[in-house]
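Visitor: The sequence and its predicted three-dimensional model are supplied below.
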Amino acid sequence: MTQFIYSINAPEALDANRFGPKAANVARLGSWGLPIPAGFCLDAAAYRAQVKVLGLEADARGVMSATESPQARRHALNMKLGLLDQPIIPEILDPLLAAREQLMAETGALMCVRSSALVEDRYGSSFAGQFESFIGIENEADFVLAVKSCWGALWMTRALRYMATHDIDPAETAMGVLVQPLVLARAAGGGLSQTSDSGMIISATWGLGSSIAQGEVTPDRYELRRDASVLSITAGLKDHQVGCEHRAEPVTRVLPKDMAEKPCLSEAEAQKLGQLMLKIEGLMGMEVEIEWAIDDAGFKLLQARPLHLEESHVPDAEWENRPRLNGHAAGIGWGTGRACVIHCECELSRVSPGDVLVTKVAGPALSHILTKVAGVVAERGGSTSHMASLARERGIPMVLGVPDATRRIPDGSTVAVDGVAGVVRWIDRKSTRLNSS
């Protein structure tokens, strides 16, 4: 009988071609003695076996053969509905439920189910925020649905668009799944082991890190030197947190002002996390982006993937004297364009090719317009959000966590976005044009 389930600590879990780079990278961190949550991986071969038994292989091949046509959408819908609605075959389901029961018995925690596609978290194709993760799952029915939803996420419209831009055929890849206990985090966030000025950056918020990933808060920003010593601490605006109590589903709650503006980590904790980043960078042999959480037992590493940054752009004298706002740099690009200020996703139709999108929250739902904008400015978010990862990958200048950007930057003005320095400048259309004397 084929084995589909492996412990995160098993040597087999290190194989990215079986379990996806996300799961394999976490397993690698654990194999190096670094702190990770317990867990297990579901082999991508299970996804392939399920697709074959359900007779979905023709639909899978039909999506790319009829790209952007009604037939392609129909094939993709058949894939999603087939994977979601049909029962998981017993040779997969039985060991999957047994592994869940064992992990729950060992940890006493709720479960997290995370997509780990074979194509994600690779250099140049992170797929940040494009697939699915489910946290705080308690009952068996929800757990099974979460696994099937991770499989189906490979056929979601946003993921298919992303794959199309990278010439990836979804029929030629597959989806692994990573299952881990929910960390009862008092704080969580991300980190970049390298910045344009040869330092390091840590982002942090209270509770679980999903509010950073989705760009919903402006996280604390810790700038570190290359020896992991702390250079500066800038408190963010963390007006809400996603958190949970033991054996309770995660909930969002509003935070009092004093807590919202208080740094989540001490200087000593930030330095310790910086040291962990340096160790990961050395072991992986490249600059890395990480996700982390801290509970009563200390730091837990949740993810590590390759990082790509650019050198700084030196603005000319014309831009140096213009109004400016500072924020969290995504780490790549310099771009100029007409400011299109929007306050709701329903206004996205106003965005034209070459515009600079100015918005309150830059969440993963905006990823499909990145290919046509000259830059993005958002009032919330930080350097380690999913959108920042996508911006680095696609070379889109982006500055996040810019206070009052939608109010202060005039709609229709000419905007320059420095995605490396984290600076936004603009020229009001009423003022002198760039090319005038």
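Guide: Yep, that arrived.

Visitor: rest of the way, CA atoms for contacts and neighbours
Guide: Noted.

Visitor: Where does pLDDT dip in the stretch 1-150 of the chain?
Guide: 65-68, 121-130 (pLDDT under 70).

Visitor: In it, what residue spans correspond to helices?
Guide: 16-31, 44-53, 57-65, 70-85, 90-107, 140-152 (DSSP state H, counting those that start in this stretch).

Visitor: tell me the most buried of these?
Guide: Of the helices of the stretch 1-150 of the chain, the one with the most neighbours on average (mean count of other Cα atoms under 10 Å) is helix 16-31, at a mean of 25.

Visitor: what does it rub up against?
Guide: When contacts are defined by Cα atoms under 8 Å, 6 or more residues apart in numbering, helix 16-31 is touched by residues 8-10, 13-15, 35-36, 41-45, 116-122, 175-178, 280, 301-305.

Visitor: from these, which would you call buried?
Guide: By neighbour count, with 16 or more other Cα atoms under 10 Å, these hold 8-9, 13-15, 35-36, 41-45, 116-122, 175-178, 280, 301-305 as buried.

Visitor: about what we covered before: if we compare the helices of the stretch 1-150 of the chain, which one ends up closest to D169?
Guide: Set against D169 and scored by Cα to Cα, the helices of the stretch 1-150 of the chain come closest in helix 57-65, at 6.3 Å.

Visitor: Just name whatever secondary elements the closest one is in contact with.
Guide: If you count contacts as 3 or more Cα pairs under 8 Å, 6 or more residues apart in numbering; DSSP states H and E, helix 57-65 packs onto helix 70-85.

Visitor: what's the distance between the helix it packs on and the middle of its chain?
Guide: Counting by Cα atoms, centre = their mean, to the nearest Å, helix 70-85 is centred 25 Å from the centre of its parent chain.

Visitor: what is the orientation angle of that helix with helix 44-53?
Guide: Here the directions of helix 70-85 and helix 44-53 differ by 110 degrees (axes from the mean of the first three to the mean of the last three Cα atoms, to 10 degrees).

Visitor: Measure how buried E172 is and give me the count.
Guide: By the criterion of other Cα atoms under 10 Å, E172 has 10 neighbours.

Visitor: what does stretch 268-275 rub up against?
Guide: Residues outside stretch 268-275 that contact it (Cα under 8 Å, 6+ apart) are 193, 200, 202, 222, 224, 227-230, 299.

Visitor: Stretch 146-154 now?
Guide: 47, 79-81, 83-84, 88, 113-115, 117, 131-134, 159-160, 170, 174-177.

Visitor: Okay, now the sheet partners of the helix or strand hosting V424, with direction.
Guide: Under the criterion of DSSP states H and E, V424 resides in strand 423-427. Its sheet considered, strand 423-427 pairs with strand 324-326 (antiparallel), strand 414-418 (antiparallel) by DSSP bridges.

Visitor: and the helix or strand just after the shortest one, what other elements does it pack with?
Guide: Right, strand 324-326. Counting by DSSP H and E, the next helix or strand C-terminal to strand 324-326 is strand 328-329. For strand 328-329, the packing partners by 3+ Cα pairs under 8 Å, 6+ apart come out as strand 398-400.

Visitor: Give the rounded mean pLDDT of the strand it packs on.
Guide: Mean pLDDT, strand 398-400: 93.

Visitor: I'd like the numbering to begin with 11 instead of 1 from here.
Guide: Shifting the count to begin at 11 puts that one at strand 408-410.

Visitor: buried sites along the very next helix or strand once past that strand?
Guide: As assigned by DSSP H and E, the chain's next helix or strand after strand 408-410 is helix 415-418. Within helix 415-418, the residues that count as buried by 16+ other Cα under 10 Å are 415-416.

Visitor: that older thread, would you point to the one among the strands paired with strand 433-437 that's packed deepest?
Guide: Of all those, strand 424-428 carries the top mean neighbour count, a mean of 27, counting by mean count of other Cα under 10 Å.

Visitor: how about the CA coordinates for it, as PDB?
Guide: Below are the C-alpha coordinates for strand 424-428, written out as PDB (Å, rounded to 0.1, in the frame of the first residue of the first chain):
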ATOM      1  CA  THR A 424       2.300  62.200 -10.700                       C
ATOM      2  CA  VAL A 425       3.800  59.900  -8.100                       C
ATOM      3  CA  ALA A 426       7.200  58.300  -7.700                       C
ATOM      4  CA  VAL A 427       7.400  55.100  -5.700                       C
ATOM      5  CA  ASP A 428      10.800  54.100  -4.300                       C
END
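
Visitor: which outside residues touch that strand?
Guide: Residues from elsewhere that reach strand 424-428 (Cα under 8 Å, 6+ apart): 323, 329, 339, 342-349, 366, 385-387, 407-409, 433-439.

Visitor: Can you flag the buried ones in the residues you listed?
Guide: Counted by 16+ other Cα under 10 Å, these give 329, 339, 342-349, 366, 385-387, 407-409, 433-438 as buried.

Visitor: Let me know the helix or strand that K310 is in.
Guide: Applying DSSP H and E, one finds K310 within strand 308-316.

Visitor: and stretch 171-188, which residues are buried?
Guide: 171-173, 180-181, 184-188.

Visitor: Residues contacting that stretch, please?
Guide: Under the criterion Cα under 8 Å, 6+ apart, residues 28-30, 33, 49-58, 67, 70-71, 73-74, 123-129, 135, 137, 140, 157, 160-161, 164-165, 170, 378 lie in contact with stretch 171-188.
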